[in-house]
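In: Sequence and predicted structure below; questions after.
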Amino acid sequence: MSSAPDLEIGVDVPWITSWSEEPQLGVSPCPSVDGKLAIAQRNEPGAGEPVYARHHLFRQRKAVREMRCPMCGEPTGDDDRWCHTAQRTNAGALRERGFGWALPADMPEAQPLLDCGALPPLHRACAEAVLAGPAHLGAPNGELHRFPKAWIVVPIWVEARPPNPSLKSVGVVSFLQVVGVESDGSPG
């Protein structure tokens, strides 16, 4: 039960925000990453208090995979995808950061990219609400970028260490990063 009944998910609290009663549960196969091992988390949006600085891991991965708006949780359409956290970069810079394995081998170093990090694109109306809303909704640079028609999803892997030191550590997905592929140096 929510102890914050006057907060509405999708208006006051982004859909991908974790709540205080949604603890991490360990590691298990997850449908958000095609059954690969991922960090699991209880899924009870609205339970407790919102933890604005923390994305819910399953909802974040689902939002990236299904191009759902991180604010309202509804799917975005090809003509209504906007980013407010995006940073312009290129394939060479991503390769330097160690993400070369996620890019097509034949992608030129100078290929313009729009790195949105862990936040998938929002609907324009949701993005404008975020930009006009309180700081906890997160509008770091205050600039909207149209999200390109093509993108790459990059799993961010972490090492899961079992409690028994004699067992081997395994790589698991924590969250997904989304990178838009710009066609001519400008989004869209």
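Out: On my side now, so go ahead. Residues are numbered from 1 along each chain as shown.

In: how near is Ala40 to Arg61?
Out: Computed as Cβ to Cβ, to the nearest Å, the Ala40 to Arg61 distance reads 11 Å. In short, each C-beta sits where N, CA and C put it, glycine included.

In: now Pro120
Out: On the measure of Cβ to Cβ, Pro120 and Arg61 end up 10 Å apart.

In: hey, where'd the helices end up in the protein?
Out: Counting by DSSP state H, one finds helices in the chain at the ranges 57-66, 91-94, 124-132.

In: Of the ones you listed, which is nearest Trp82?
Out: Minimum separation from Trp82 across these (Cβ to Cβ) falls at helix 124-132, 4.3 Å.

In: Flag every buried residue along that closest one.
Out: For helix 124-132, the neighbour count (16 or more other Cβ atoms under 10 Å) marks 124, 126-127, 129-131 as buried.

In: Out of the residues you listed, which comes closest to Val33?
Out: Val33 has its nearest neighbour among the buried residues of helix 124-132 in Cys126, at 24.5 Å by Cβ to Cβ.

In: Give me the nearest residue to the residue most central in space within the chain, chain neighbours excluded.
Out: In the chain, the residue lying closest to the centroid (Cα atoms, centre = their mean) is Ala118, at 3.0 Å. Excluding the flanking residues, the one nearest Ala118 by Cβ to Cβ, 6 or more residues apart in numbering is Phe175, at 5.2 Å.

In: Tell me what the one you found is bridged to.
Out: Under the criterion DSSP bridges, Phe175 forms beta bridges with Ile156.

In: pLDDT wise, what is the residue located most distally from the centre of the chain at?
Out: For the chain, the largest distance from the centre (Cα atoms, centre = their mean) belongs to Ser166, which lies 33.7 Å off. For Ser166, the model assigns a pLDDT of 86.

In: Repeat that for His55.
Out: pLDDT at His55 comes out at 95.

In: That one contacts Thr17, correct?
Out: Yes - using Cβ atoms under 8 Å, His55 is in contact with Thr17, at 7.0 Å.

In: the more surrounded of the two?
Out: Thr17 (25 against 21; other Cβ atoms under 10 Å).

In: so the more buried one sits right up against Arg54, yeah?
Out: Yes - between Thr17 and Arg54 there is a contact at 7.3 Å, judged by Cβ under 8 Å.

In: Now do the same for stretch 90-110: mean pLDDT, whole number.
Out: On average, stretch 90-110 scores 95.

In: Would you mark the buried spots in it?
Out: 90-92, 94, 99, 103, 107.

In: For it, which outside residues touch it?
Out: Contact partners of stretch 90-110, identified using Cβ atoms under 8 Å, 6 or more residues apart in numbering, comprise 111-113, 115, 152-155, 177, 179.

In: and those residues, which are buried?
Out: 111-113, 115, 152, 154-155, 177, 179.
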